[in-house]
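> Got a sequence here, can you build the structure:
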Amino acid sequence: MTSASRQGTVAVVTGAGSGIGAATARRLAADGATVVLTGRTEDKLKTVVAEAGDDAGRMHVRIVDSSDEKAVGELFDSVVAEFGRLDTLVNNAAVARPGKVTETDTENWSLVMRIDVDGVFFGCRAAVPHLSETGGSIVNVASVSGIGGDWNNVAYNAAKGAVVNMTKAMAMDHAPDGVRVNAVSPSLTMTDMTAGMTDDEDLMARFADRIPMGRGARPEEIADVIAFLSSHDARFVTGVNLPVDGGLSASNGQPRM
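Residues are numbered from 1 along each chain as shown. The predicted structure follows:
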């Protein structure tokens, strides 16, 4: 994709202060889009912009909690008022709280659902009317944890499963409006969220054994797929949940023989 391919377009990326969100914001800005980076921590968002070099002028920070219904609605109205349009929404903001169902308290269950599910719902609901004016698209960041179960991660599994099926439902509902809705499902990705895992050499060896490509993803590798799905090149693609997992989901689950 050339830097001219998104000239004149406007994108919103949630959870853009680090990891996949930051990489996606950088990629879309490099491709020429005006990118609004949202999150709850201003310093992290400003650091992403400062590190973007020549593309920083196309990046704009907004402090928004994606689980705040009112704030999300106001965000999209203000983006369109300031920049004149909306072409792309990337719902990336998420949290995880590990635990079995018997170990997950209501507070942590509700936190995961508010950010990982409600945040996607609020963002999509506010964005679709604007996206229908431009023939725009949504890419939701789901997870392989929304395709199959993990041990000890019931809240996150439930939330990401909801994002996968919400994506498909919205793709059908809004295709007549000219809005495409797709998702990506990464496996292990080297981000702040997984830092505690990636420091565990034994655990990383077990991941490498299960992922055919033998490693976790870099955030930029997920961002490149998000960029494709949100682009004109994917203009006949909607309702897809694309695993970006180094081949993990190709397995039937049996051990290496």
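> Dig out what Pro186 forms beta bridges with.
Beta bridges link Pro186 to Val244 when assigned by DSSP bridges.
> burial count for it?
By other C-beta atoms under 10 Å, the residues close to Pro186 number 26. In short, each C-beta sits where N, CA and C put it, glycine included.
> Make 799 the starting number, not 1.
Sure, I'll start counting at 799 from here, so that last one is Pro984.
> How about the contacts made by it?
The neighbourhood of Pro984, defined by C-beta atoms under 8 Å, 6 or more residues apart in numbering, consists of Ile818, Val939, Ser941, Val942, Ala1015, Ile1020, Pro1041, Val1042, Asp1043.
> Please apply the same query to Thr987.
By C-beta under 8 Å, 6+ apart, the neighbours of Thr987 are Gly817, Ile818, Gly1014, Ala1015, Arg1016, Pro1017, Glu1019, Ile1020.
> One more: Leu986?
Counting by C-beta under 8 Å, 6+ apart, Leu986 has contacts Thr992, Met995, Thr996, Phe1005, Ile1009, Gly1014, Ala1015.
> helices or strands next to the helix or strand of the chain with the lowest mean pLDDT in the packing?
Here the helix or strand of the chain ranked lowest by mean pLDDT, DSSP states H and E is helix 993-996, holding a mean of 78. Using 3 or more C-beta pairs under 8 Å, 6 or more residues apart in numbering; DSSP states H and E, the elements in contact with helix 993-996 are helix 999-1008.
> so how far is the helix it packs on off the chain centroid?
24 Å (C-alpha atoms, centre = their mean, to the nearest Å).
> Can I get it as PDB, trimmed to CA atoms?
Provided in PDB are the C-alpha atoms of helix 999-1008 (Å, rounded to 0.1, in the frame of the first residue of the first chain):
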ATOM      1  CA  GLU A 999      11.000 -18.800  29.100                       C
ATOM      2  CA  ASP A1000       9.300 -22.100  29.800                       C
ATOM      3  CA  LEU A1001       5.900 -20.800  28.800                       C
ATOM      4  CA  MET A1002       7.400 -19.200  25.600                       C
ATOM      5  CA  ALA A1003       8.900 -22.600  24.700                       C
ATOM      6  CA  ARG A1004       5.500 -24.200  25.000                       C
ATOM      7  CA  PHE A1005       3.900 -21.500  22.800                       C
ATOM      8  CA  ALA A1006       6.700 -22.000  20.300                       C
ATOM      9  CA  ASP A1007       5.800 -25.700  20.200                       C
ATOM     10  CA  ARG A1008       2.100 -25.000  19.500                       C
END
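> what helices or strands is that helix leaning on?
Contacts defined by 3+ C-beta pairs under 8 Å, 6+ apart place helix 999-1008 against helix 993-996.
> residues making contact with the helix it packs on?
Leu986, Met988, Leu1001, Met1002, Gly1014.
> ok, the contacts of Thr987 vs Arg1054, which is closest?
Gly1014 (17.8 Å; C-beta to C-beta).
> quick one, what contacts that closest one?
Ser985, Leu986, Thr987, Met988, Thr992, Thr996, Met1002, Phe1005, Gly1044.
> can you check Phe874 too?
Taking C-beta under 8 Å, 6+ apart, we find Phe874 in contact with Val810, Leu884, Gly921, Ala924, Ala925, His928.
> distance of Asp997 from Val942?
Using C-beta to C-beta, to the nearest Å, Asp997 is found at 21 Å from Val942.
> Compare these two (neighbour count), which wins?
Val942 (18 against 9).
> doesn't Ser1049 make contact with the more buried one?
No. Applying C-beta atoms under 8 Å, one finds Val942 not in contact with Ser1049, separated by 10.9 Å.
> Now do the buried residues in whichever strand or helix holds Val961.
Element membership of Val961, judged by DSSP states H and E, is helix 952-972. Neighbour-count burial for helix 952-972, counted by 16 or more other C-beta atoms under 10 Å, picks out 952-962, 964-966, 968-969, 972.
> that older thread, which one among the contacts of Pro984 gets closest to Arg895?
Using C-beta to C-beta, the shortest approach to Arg895 within these belongs to Ser941, at 14.0 Å.
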